[in-house]
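Asks: need a structure here:
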Amino acid sequence: MCTVDIQHPCLLLYPLPEWEEIELKLCGLSSMNPQERILQQVLLGNASDCEIDKSGRLLINGPLRQHASLEKNIMLVGQLKKFEIWSENAWQGQMQQGIAKIQSGEIELTERLLDLSL
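Replies: Residues are numbered from 1 along each chain as shown. Presented below is the predicted three-dimensional model:
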């Protein structure tokens, strides 16, 4: 299942079992709470089954492609339990911005990050 990322100009692509867990969490939100309803509407309203064509290409509908400004060159980025789909230019910008923030010390190294060993 594919839907929009509400924080970045990219798409989120989930294996069906992961998406079913997200659906359960979204069902637990209140449709009477305006903030929770908006989140449900945006994530579920944009969710789409993505099929693979005979050439092995992932078919993404127009509104999803528009949200992520997808054109010819895209980046499929693995993120543990999901994939992110970015336009190549947006991904490069995201990476440059992230590296600059880390190098400048703008990203606070929390205790969890300090314990992370790579």
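Asks: quick one: Q79 from C10, how far?
Replies: When distance is defined by Cβ to Cβ, to the nearest Å, Q79 is 10 Å away from C10. Every residue, glycine included, has its C-beta placed from N, CA and C.
Asks: typo on my end, it should be P17
Replies: To C10, P17 is 21 Å away according to Cβ to Cβ.
Asks: Output the lowest mean pLDDT helix or strand found in this structure.
Replies: The weakest-scoring helix or strand in the chain, judged by mean pLDDT, DSSP states H and E, is helix 111-115 (a mean of 85).
Asks: which other helices and strands contact that helix?
Replies: Judged by 3 or more Cβ pairs under 8 Å, 6 or more residues apart in numbering; DSSP states H and E, helix 111-115 is in contact with no other helix or strand.
Asks: Off-centre distance for that helix?
Replies: Its chain's average C-alpha position is 24 Å from that of helix 111-115, according to Cα atoms, centre = their mean, to the nearest Å.
Asks: And the contacts of the longest helix along the chain?
Replies: What stands out as the longest helix in the chain, according to DSSP state H, is helix 88-104. Here helix 88-104 makes contact (Cβ atoms under 8 Å, 6 or more residues apart in numbering) with H8, P9, C10, A68, S69, N73, I74, M75, V77, W86, E106, I107.
Asks: Could you tell me what pLDDT the model assigned to the residue nearest to the fifth one when sequence neighbours are not counted?
Replies: Right, S69. Nearest non-adjacent residue to S69, counting by Cβ to Cβ, 6 or more residues apart in numbering: S87, 4.8 Å away. Predicted confidence (pLDDT) for S87: 95.
Asks: okay but S87 is in contact with N73, surely?
Replies: Yes: checked against Cβ atoms under 8 Å, the pair S87 and N73 is within contact range at 7.2 Å.
Asks: Which one of the two is surrounded by more residues?
Replies: S87 (19 against 10; other Cβ atoms under 10 Å).
Asks: on that earlier part again, out of P17 and C10, which sits in the more crowded spot?
Replies: The neighbour comparison of P17 against C10 (other Cβ under 10 Å) goes to C10, with 23 against 8.
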